[in-house]
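K.L.:
dropping the sequence and predicted coords here.
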Amino acid sequence: MRVLHILYSGHTGGIARFTEQLFIAQKETLDPALAFGRAEGPLWERAQAQAWLAYDLRIKRGWPTNPLRLKMAERIFGGFDVLHFHYFHPELARIALKTKSRIVFTEHGMFDQERTRLKRILKVRSKKRFLSDNRVVVVANSRFTAGKIEEIYGAEAMVIPVGEFISEIKPKRPREEVRECLGLSHGDFVVAYLGRLARMKRLDRMIQSLENTGTRLLVIGDGSQRLPLPSWAIHLGLVENPFDYLAAADLMIMPGQGEPFGLSALEAMALGVPVLCFSDGGGVCELLEGYPELIVPDVTEMRERVLYYMREPDEARYIGESLRRRAMDYDITRVARAYEMIYHELG
């Protein structure tokens, strides 16, 4: 079965990371390929280096689009049994419905919160028509995301969580070596954040939670928000192997509101690093189900949780090991099998 995964670009981010892992897992039993709206970013570069079948659709994020490029996309789409969308573009969606291919749309939680009101309205109308078509199977990466799909688009979605090759989530350098390179002492209690720097990620309330606790904050990632960081924070930006630094932390905080899933939280869990989040954290809360002590209502309670784990490092390690076992439920091979069942059911 030939499956085409369609995403906007190969830039660093949770969608590109997940799509790449799913593509690799599916190579065992299917014939997958990749199509990029824009041929750019690390995933595109890796696809070229590995000689994976990858198409450059040369589609801009907005519309209308060059008719010749749409014709090219239509020819490409027609050669696949399944078109698996990981982002929405109105004209690509329209073309997909003209083919005889089976269509799967995975909503990763890109609800366009930061777009202008007019663009958001137009996008919602177009996407609602697409998702309501009976040829399209809609998949959400969490129950939270499925609820948003129903609220915004009036469509029902089945839930298949995001996954990774859990056994490959491991540091390449020893923990103490990494901490020494960062100028951290053996006694420093390090709290990590891994992800985009964006308004919805709410780094402000993470900083508030850690003020006057004596912790060190390690920020891994970059983005559009230039929030002033305190003197006790270390900002690494984008790094080649974030697992080296994540494994060097004692605790991870996911401060965002309405996270669709929380891939960074899963990676921390796989490394045995305890994860804390706020009760409005969306899909992250689902990852931590069964651990109510890791989900807090506000900044005050978050600070108390951090201080508790500083006082009780053995408890933090115990929770981390328990979460490491939980992470195995999200191995990408299980996710790939779930999607393959959907592909065959569409036939």
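P.N.:
Nice, I can see it. Residues are numbered from 1 along each chain as shown.

K.L.:
alpha carbons only for contacts and neighbour counts from here, please
P.N.:
Noted.

K.L.:
can you list the weak-confidence ranges in this structure?
P.N.:
12, 61-64, 111-119, 225, 347 (pLDDT under 70).

K.L.:
now do the helices in it.
P.N.:
Counting by DSSP state H, one finds helices in the chain at the ranges 14-26, 42-49, 67-77, 90-98, 117-132, 143-153, 175-181, 203-210, 242-246, 263-270, 283-287, 299-311, 313-327, 332-346.

K.L.:
can you list the buried residues in stretch 135-154?
P.N.:
Residues 136-149, 153 are the ones in stretch 135-154 that count as buried (16 or more other C-alpha atoms under 10 Å).

K.L.:
to the chain's geometric centre, what's the distance from it?
P.N.:
Stretch 135-154 sits 16 Å away from the centroid of its parent chain (C-alpha atoms, centre = their mean, to the nearest Å).

K.L.:
tell me, how many residues neighbour residue 274?
P.N.:
Neighbours of residue 274 under the rule other C-alpha atoms under 10 Å: 27.

K.L.:
before we move on, back to that, possible to save the helices of the chain as JSON lines with distance to residue 195?
P.N.:
Written out in JSON lines, the entries for these read as follows (distance: least, C-alpha to C-alpha, whole Å):
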{"stretch": "helix 14-26", "distance to residue 195": "9"}
{"stretch": "helix 42-49", "distance to residue 195": "16"}
{"stretch": "helix 67-77", "distance to residue 195": "32"}
{"stretch": "helix 90-98", "distance to residue 195": "28"}
{"stretch": "helix 117-132", "distance to residue 195": "24"}
{"stretch": "helix 143-153", "distance to residue 195": "19"}
{"stretch": "helix 175-181", "distance to residue 195": "19"}
{"stretch": "helix 203-210", "distance to residue 195": "10"}
{"stretch": "helix 242-246", "distance to residue 195": "10"}
{"stretch": "helix 263-270", "distance to residue 195": "7"}
{"stretch": "helix 283-287", "distance to residue 195": "13"}
{"stretch": "helix 299-311", "distance to residue 195": "19"}
{"stretch": "helix 313-327", "distance to residue 195": "18"}
{"stretch": "helix 332-346", "distance to residue 195": "20"}
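
K.L.:
of all the ones you listed, which lies closest to residue 189?
P.N.:
Each of those was checked against residue 189 via C-alpha to C-alpha, and the shortest separation belongs to helix 299-311, namely 6.8 Å.

K.L.:
picking up where we left off before, determine which stretch of the helices of the chain is the most buried.
P.N.:
When the helices of the chain are scored by mean count of other C-alpha atoms under 10 Å, the highest mean neighbour count falls to helix 263-270 (a mean of 26).

K.L.:
which other helices and strands contact that helix?
P.N.:
Using 3 or more C-alpha pairs under 8 Å, 6 or more residues apart in numbering; DSSP states H and E as the contact criterion, the secondary-structure elements in contact with helix 263-270 are strand 251-254, strand 275-278, helix 283-287, helix 313-327.

K.L.:
got the angle for that helix vs helix 313-327?
P.N.:
The directions of helix 263-270 and helix 313-327 differ by 110 degrees, with axes from the mean of the first three to the mean of the last three C-alpha atoms, to 10 degrees as the criterion.

K.L.:
now the angle from helix 263-270 to helix 14-26?
P.N.:
Using the same axes, to 10 degrees: helix 263-270 against helix 14-26 is 60 degrees.
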